[in-house]
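Peer 1: The amino acid sequence is not available; the structure is as follows:
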C-alpha cells in the first residue's frame, strides 16, 4: 500500500526562538569558561559527560518527556532549536544525544514502569549513556536480515551474535538491541525481531573498536556470548519490533544532526573566502546556503509532525538521504571554491585541517542511520514502487 509524502508547512513558534537566545547565551558562557573547545570537538571527541551533566541541569535533555521522569514537557520544535544550536557550535553532545533523541522515547513507549523510573531520570541528568544495536556484520542497514539470536531461557533470554557499527558502545551504559526471537516467515520477513534493553557493563559482552579513516574510535563491534537478559527488559511486542524500530528511525533520521555534521566546513569556507569573495565563490556559497536552508525547512517540518503525534517515516528517510549527500559532498565543493584563495598559513591552516578531517569521515555518514540504498528502498516501498 502506497502512502503520500507530505512535509507539513511548519514554522518555529515564538517560544522556540526565545529558547534559542537562552541556548546561545549558555554556549557563549561555556566557551568563555573553557567548557569545551569547538575545534577539539570536531577533530577528537564529542563525548563529554561533564558537559552533558551541565546540559541536563538546564533541563535540555529529555525536554519533551513527562515531568515525572525528569522531562520538561516541552515541544519537539523547542528540542529542535537546542539540537541545532549545539550542532552548529560543535558542542560535545555525544554522551547524551542518542538517549535523548531515540532511546528515551522508546523506553517511554515500551519499558515497564520500574525501568522508566530507574533509567529516564538518569538520562535527563546527563548521567546515563545509550547506544543502538541494529546493524550486523552480514546485514548492515537491512534490519530485517538481523540474525543475532535471543533464545528463551528461565526468567529471560540468552543473546548470541554480533552487532556492528555501534556508535559509542565502548562508552555507553545501555544498548537498545534488535534481536531475532523467531525465524522470519515466507509471508513476512519482518516477523521475528524483538527489542531488548541491554545493560552493557556485564559478563557476556565483548566490545571491540572499529576505527574510521581518521583513526577515530567511534564505531564498535559488540559480541554477545550467552548474555542473559531478564524478561522484564523486553521492550514492546515479542517478534513484532520491526514496527517499533522503523518508528524509532523517524527520530534518528530527521534531525538537524543529519545534515549539519560537517557544517563546520561551510563556516570555515566563509571565513577563508572573506567578506568580498569573487563571483564564482559567492555563487557557490549562495547555493550551499540555499541547500542547507531547504534541508532545515524539511527537518523542522518532520519535527513538527512528530510533535503532532504523526510518524513521518518516509519524510525522515528523505531528510537523512538528502542530508547525508549534502554533508558528504560539502568538503569537495569547499575545496573547489577555495582553490584560488591565498595559501597563507594563517589563513588556511584551520580550514585545511577540518577539510581533511571531513573528507576522511565522510564515508561513515552513509552508514550511520541507514545507507542511501536502504533509505531509497524504504521510500520506494512507501510510494508503492516495490
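Peer 2: Cool, got the structure. None of the values given here were measured: they were computed from a predicted structure.

Peer 1: So which residues of the stretch 151-300 of the chain form helices?
Peer 2: Assigned by DSSP state H, counting those that start in this stretch, the stretch 151-300 of the chain shows helices spanning 241-254, 263-273, 279-307.

Peer 1: likewise the stretch 1-150 of the chain?
Peer 2: For the stretch 1-150 of the chain, the helices defined by DSSP H, counting those that start in this stretch cover 14-32, 38-43, 49-57, 76-88, 94-98, 104-110, 113-124.

Peer 1: Tell me which of the ones you listed sits nearest to residue 307.
Peer 2: helix 76-88 (4.0 Å; CB to CB). Every C-beta, even on glycine, is put in place using the N, C-alpha and C of the backbone.

Peer 1: Now do the same for the longest strand belonging to the chain: mean pLDDT, whole number.
Peer 2: Assignment by DSSP state E gives strand 217-230 as the longest strand of the chain. Mean pLDDT, computed over strand 217-230, is 95.

Peer 1: Show me what it is packed against.
Peer 2: Counting by 3 or more CB pairs under 8 Å, 6 or more residues apart in numbering; DSSP states H and E, the packing neighbours recorded for strand 217-230 are strand 156-163, strand 193-199, strand 205-211, helix 345-367.

Peer 1: And the helices of the stretch 1-150 of the chain: which comes nearest residue 259?
Peer 2: helix 76-88 (9.4 Å).

Peer 1: what angle do that closest one and helix 279-307 make?
Peer 2: Angle of helix 76-88 versus helix 279-307, following axes from the mean of the first three to the mean of the last three CA atoms, to 10 degrees, is 140 degrees.

Peer 1: Just give the number of residues close to residue 273.
Peer 2: Using other CB atoms under 10 Å, residue 273 has 20 other residues around it.

Peer 1: cool, residue 5 as well?
Peer 2: Residue 5 sits with 13 neighbouring residues when counted by other CB under 10 Å.

Peer 1: One more: residue 138?
Peer 2: Residues near residue 138, counting by other CB under 10 Å, number 11.

Peer 1: Now for the protein, the helix or strand with the poorest mean pLDDT.
Peer 2: Within the chain, no helix or strand scores below helix 241-254, which has a mean of 68 by mean pLDDT, DSSP states H and E.

Peer 1: what stretches of the chain score poorly on pLDDT?
Peer 2: Confidence mapping of the chain against pLDDT under 70 gives the ranges 1-2, 140-142, 245-253, 343-349, 369-370.

Peer 1: and it, what are its domains?
Peer 2: The chain breaks down by automatic domain parsing into domains covering 14-128, 132-240, 255-382.

Peer 1: Distance from the second one to the middle of the chain?
Peer 2: Here the centre of mass of C-alpha atoms in domain 132-240, compared against the chain's by CA atoms, centre = their mean, to the nearest Å, lies 18 Å away.

Peer 1: What's the end-to-end length of that domain?
Peer 2: Distance across domain 132-240, first residue to last, is 18 Å (CA to CA, to the nearest Å).

Peer 1: and what of stretch 58-74?
Peer 2: Separation of the first and last residues of stretch 58-74 by CA to CA is 13 Å.

Peer 1: List the buried residues for that stretch?
Peer 2: Judged by neighbour count using 16 or more other CB atoms under 10 Å, the buried positions of stretch 58-74 are 60, 61, 62, 63, 64, 65, 69, 70, 71, 72, 74.

Peer 1: okay if I get those as TSV plus distance to residue 85?
Peer 2: Shown next, in TSV, are those (distance: CB to CB, whole Å):
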residue	distance to residue 85
60	10
61	14
62	17
63	13
64	16
65	20
69	24
70	21
71	19
72	16
74	15
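
Peer 1: Tell me which two of the residues you listed sit farthest apart.
Peer 2: Spanning the widest gap among those are 60 and 69, at 15.0 Å by CB to CB.

Peer 1: ok, back up a step: give me the buried positions along the longest strand of the chain.
Peer 2: The neighbour-count check on strand 217-230 (16+ other CB under 10 Å) flags 218, 219, 220, 221, 222, 223, 224, 227, 229 as buried.
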